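> Mind looking at a prediction? Sequence and model below.
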Amino acid sequence: MTWRARPGPVGTPADRLTARHHRALLHQELPRVRESALAWRNGLAAILTGLVGFGLLRGRSDIGSLAAPYAAGVGVMLLLALLCGGAGGLSLLRAAHGRPAAPRPAPGVGDASVTDTTATDHTEALRAAQALGRGVPLTLCCAALLTAAVAVAWYGPPRDGPRVSVTTPDGTVCGEPLFTRGGRMTLRTDTGRITADLTRATTVHAVMSCAPLPADG
């Protein structure tokens, strides 16, 4: 059985108008994706800059003063934020400016023929849209991780400081040393601040933790 190709129906003015409109959309596709990527990049960069500036305003700045699990958690969140921010930034740059490659001369540039780059631009527009779709969630994830890290650094429980046990004829006082003045040491205990007279102390030594005081019998 032999198949023969036959010409189709003659195009109408409406068909030609639709084809021109479709071709115009294809020519505008890549610039529109690039413009959208630039807008997203600038907006997300402003959000990240605001978050970083807000995190430097007040609050704890040294994560070493946090309790052990919280300090490690802040470090992990900052590392993940760095990875997400780097990957998101590269994706947004890829979407906005294309791949970092030198432009190649199109075939037939020196001839009278004009090379049609519609198909190439369409492929690049699809790739740029995919890069934009990756970059936006990654950058938002970076912003969320930075916010969580700042919140934990500000409001996380502090690391336990050194404890000092002071024994005097009046009893034993154990707590975190605050300051010493005039032969007296002020300690922060579970019941509040207590001042111990060091001139009457029989023993003063550092301890890992304060054991509950025995009840008076």
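Good, I have the coordinates. Numbering: from 1, shown residues only.
> and the residue nearest the centre of the chain, backbone torsions?
Centroid-nearest residue in the chain: Cys142, 2.4 Å away (criterion: Cα atoms, centre = their mean). Main-chain dihedrals, Cys142, degrees, to the nearest 10: phi -60, psi -40.
> Surely it and Leu48 touch.
Yes. Between Cys142 and Leu48 a contact is recorded at 6.9 Å, counting by Cβ atoms under 8 Å. C-beta coordinates here come from the backbone N, C-alpha and C atoms, glycine included.
> what residues do those two have in common as contacts?
Residues touching both Cys142 and Leu48 (Cβ atoms under 8 Å, 6 or more residues apart in numbering): Gly85.
> Contacts for stretch 157-165, please.
For stretch 157-165, the surrounding residues in contact (Cβ under 8 Å, 6+ apart) are 64-68, 70-71, 172-177, 185, 187, 203-210.
> Tell me which of the residues you listed fall in strands.
Residues of the contacts of stretch 157-165 located in strands (DSSP state E): 172-177, 185, 187, 203-207.
> can you give me the strands for this protein?
Using DSSP E, strands in the chain cover 163-168, 171-181, 184-189, 192-197, 203-207.
> Residues touching the fourth one, excluding its own?
Applying Cβ under 8 Å, 6+ apart, the external contacts of strand 192-197 come out as 166, 168, 173, 175, 178, 183-187.
> Name the nearest of the residues you listed relative to Tyr155.
Using Cβ to Cβ, Leu178 comes nearest to Tyr155 of the contacts of strand 192-197, at 22.3 Å.
> would you put the C-alpha positions of stretch 159-168 in PDB?
C-alpha atoms of stretch 159-168 as PDB (Å, rounded to 0.1, in the frame of the first residue of the first chain):
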ATOM      1  CA  ARG A 159      24.300  26.800  78.600                       C
ATOM      2  CA  ASP A 160      24.800  26.000  82.200                       C
ATOM      3  CA  GLY A 161      27.600  28.000  83.700                       C
ATOM      4  CA  PRO A 162      30.100  27.000  86.300                       C
ATOM      5  CA  ARG A 163      28.800  26.300  89.800                       C
ATOM      6  CA  VAL A 164      30.500  27.200  93.100                       C
ATOM      7  CA  SER A 165      29.800  25.700  96.500                       C
ATOM      8  CA  VAL A 166      30.600  27.900  99.500                       C
ATOM      9  CA  THR A 167      30.400  26.300 103.000                       C
ATOM     10  CA  THR A 168      30.100  28.600 106.000                       C
END
